[in-house]
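> Pasting the sequence and the predicted model now:
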Amino acid sequence: MSNSFFQKDIVSIRDFDKKKFETIFDATDKIIKMNPSERRELARGKTLGYLFFEPSTRTRLSFEAAMASLGGTSIGIADASSSSAKKGESLADTVKIMSLYSDVLVLRHQLDGSSRFAAEISEKPMINAGSGTEEHPTQAILDLYTIWKEKKRIDGLKIGIVGDLKYGRTVYSLLYALGNYKVDVHLISPTALKIRADSTYEIKKRLPYKESTDLEENLDDFDVLYVTRIQKERFADAEEYAKVKGSYKIVPDMLKKMKDDVIIMHPLPRLDEISHDLDSTKQAKYFKQAEYGKDTRAALLALILNENGF
Ligand code: NCD
């Protein structure tokens, strides 16, 4: 029987259940332990094609590094202004062409719905690497894996998510993913950056959560604190951004008020919402999280490309 990811698109984390997460977690553990030569057989002769219409550091590079570690190669467009999109070529044609040149596609695009659309066009499996403000499913996979590895469980945890909950697509994917577990979620943001009203119904259906604006008074509450960047590029009005810029900043002093074994996560890039002085503390897990990004993406690619798993 083929594994449930074989040749499948990864468009939304809403399509995932606990079993799928467990499959990827186990595959990731296995990939980390595998000897490099065995690992390089998993995508030998295969090509990953990436299309990034928005900036990226970790997502694109971790996919490339993951593909290389599986013995495959990557080709792609890291900057759409250097592609024929600049001449007016449609997303549909760009995706179609890439799907003729590669075995698996990775797309980041500024429009909500771009990934679902591309998956319909592509003849090869399509992985959503960020679709507008909507979703970033592979980020949620690595976020959950980080929690699972660092806290040894997900059920029963108290999870604070702070920052830009309106425009941060990683937040939506993370919330949908957490809906598969019994967790207490506390959302903290400026009032103007609360979860979008059109998504609250869907999120409430999946998990209970409370909302507030004050981080300081809730610091002792969390097992996991997930910090996000205020998404400047998504604001229609620069004045609105100026009002909420720098709303929260995590500094080492705050650790005194937090559980000793809290883990602090961030999808990165960070601006000033986490002080660099925190980086050397045992609670800071955001670089480890980025490292797990490569491993979880390698596991996902290996499952998509190998019918019988590995
Ligand atoms: C995030 C994104 O692109 O949504 N970045 C990432 O992939 N780690 C978060 C962000 O840009 O703030």
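Yes, it's here.

> and residue 265, how many neighbours does it have?
Number of residues near residue 265 (other Cβ atoms under 10 Å) recorded here: 25. Just so you know, the C-beta spots here come from the backbone N, C-alpha and C atoms, and that holds for glycine as well.

> domain parsing for this protein?
Following automatic domain parsing, one finds the domains of the chain at 13-135+291-305, 137-289.

> and the stretch 151-300 of the chain, which residues reach the ligand?
In this structure, the stretch 151-300 of the chain approaches the ligand at residues 169, 170, 229, 267, 268, judged by Cβ under 6 Å from any ligand atom.

> since we're on the second one, how many residues are nearby?
When you say that, I think you mean residue 170. Applying the criterion other Cβ under 10 Å, we find 25 residues in the vicinity of residue 170.

> got a winner among the residues of the stretch 151-300 of the chain next to the ligand for most neighbours?
residue 267 (27 neighbours).

> Not counting its neighbours along the chain, what's nearest it?
Spatial nearest neighbour of residue 267, chain neighbours left out: residue 170 (4.4 Å); criterion: Cβ to Cβ, 6 or more residues apart in numbering.

> Also residue 171?
Excluding the flanking residues, the one nearest residue 171 by Cβ to Cβ, 6+ apart is residue 165, at 5.2 Å.

> The one you found: what's it in contact with?
171, 187, 189, 193, 194, 195, 228 (Cβ atoms under 8 Å, 6 or more residues apart in numbering).

> give me that answer again for 6 Å
When contacts are counted by Cβ atoms under 6 Å, 6 or more residues apart in numbering, residue 165 touches 171, 187, 189, 193, 194, 195.

> Count the residues that sit near the first one.
Neighbour count for residue 171, taken as other Cβ under 10 Å: 30.

> Which stretches in the chain count as helices?
18-33, 36-39, 58-69, 91-101, 114-121, 137-151, 169-178, 197-206, 238-244, 286-305 (DSSP state H).

> could you dump those helices to a markdown table with mean pLDDT?
Rendered in a markdown table, the data for these read as follows (pLDDT from 0 to 100):
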| stretch | mean pLDDT |
| --- | --- |
| helix 18-33 | 98 |
| helix 36-39 | 97 |
| helix 58-69 | 98 |
| helix 91-101 | 97 |
| helix 114-121 | 98 |
| helix 137-151 | 98 |
| helix 169-178 | 98 |
| helix 197-206 | 94 |
| helix 238-244 | 95 |
| helix 286-305 | 98 |
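
> just these: most buried one?
For the helices of the chain, the stretch with the most neighbours on average is helix 169-178, a mean of 26; neighbours defined as mean count of other Cβ atoms under 10 Å.

> That one packs against which elements?
Judged by 3 or more Cβ pairs under 6 Å, 6 or more residues apart in numbering; DSSP states H and E, helix 169-178 is in contact with helix 137-151.

> Give me the residues contacting the helix it packs on.
Here helix 137-151 has contacts from 10, 13, 21, 24-25, 28, 128, 154, 170, 173-174, 177, 224, 263, 267, 285, 289, 292-293, 296-297, using Cβ under 6 Å, 6+ apart.

> Show me the contact partners of stretch 116-133.
Among residues not part of stretch 116-133, those counted as contacts by Cβ under 6 Å, 6+ apart are 7-11, 59, 92, 95-96, 99, 103-108, 110-112, 114-115, 136-137, 167, 169, 304.

> near the ligand at all, that stretch?
Yes: when contact is scored as Cβ under 6 Å from any ligand atom, part of stretch 116-133 falls within range of the ligand: residue 130.

> Can you show me the strands along the stretch 201-310 of the chain?
Applying DSSP state E, counting those that start in this stretch to the stretch 201-310 of the chain gives strands spanning 209-212, 224-227, 263-265.

> could you say what helices and strands the shortest one packs with?
Using 3+ Cβ pairs under 6 Å, 6+ apart, the elements in contact with strand 263-265 are strand 224-227.

> how far out from the middle of the chain is the strand it packs on?
The gap between where strand 224-227 is centred and where its chain is centred comes out at 14 Å by Cα atoms, centre = their mean, to the nearest Å.

> That strand pairs with which strands, and in what direction?
Note on strand 224-227: by DSSP bridges, its sheet partners are strand 158-162 (parallel), strand 263-265 (parallel).

> tell me the most buried of these?
Of those, the one with the most neighbours on average (mean count of other Cβ under 10 Å) is strand 263-265, at a mean of 24.

> Give me the mean pLDDT for it.
When the per-residue pLDDT values of strand 263-265 are averaged, the result is 98.

> which non-adjacent residue is nearest residue 193?
Using Cβ to Cβ, 6+ apart and skipping residues adjacent in sequence, the residue nearest residue 193 is residue 166, 4.4 Å away.
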